[in-house]
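J.: turn this into a structure:
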Amino acid sequence: MSAQTLGNHMKALRAEAGLTQAELAAAVGVTRKTINTVENGVFTPSALLALKIARALGQPVEEVFFISN
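T.: Prediction:
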C-alpha cells in the first residue's frame with residue numbers, strides 16, 4: 001500500500017474567494033508562510049487549521065482537502 005498524503009485545492013479556492021495568502025492567513029490566525037506551505041503540500045495542517053481554512057474559504061473541508069495516493 002502506498003503512502004497517502006493530504007492534497008488540497010486551496011490556491012484555486014483562495015483565488016475564487018478573492019483572497020491573497022496574507023489575507024487568508026490573517027483570517028485564520030497563521031502566517032502567510034504557513035498558508036504557502038499548506039498550499040504547496042509541504043506542511044500538513046492540523047484538523048483545527050484545516051477546518052478554519054475551509055470556513056474562511058466558505059467551503060466544506062472536503063472541498064478544500066482530499067486524500068491523495
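J.: measure the closest residue in space to Phe65 that isn't next to it in sequence to Gly18 for me?
T.: Excluding its sequence neighbours, the residue lying closest to Phe65 (CB to CB, 6 or more residues apart in numbering) is Asn8, at 5.0 Å. All C-beta spots, glycine's among them, are computed from the backbone N, C-alpha and C. Going from Asn8 to Gly18 by CB to CB, to the nearest Å gives 18 Å.
J.: show me which of those two is the more surrounded one.
T.: Asn8 (21 against 7; other CB atoms under 10 Å).
J.: got the confidence number for the more buried one?
T.: pLDDT for Asn8: 98.
J.: give me phi/psi at it?
T.: Main-chain torsions, Asn8, degrees, to the nearest 10: phi -150, psi 160.
J.: who's in contact with it?
T.: 38-39, 41, 64-66 (CB atoms under 8 Å, 6 or more residues apart in numbering).
J.: what's the distance between the residue nearest to Phe65 and Thr20?
T.: Separation of Asn8 from Thr20 (CB to CB) stands at 17 Å.
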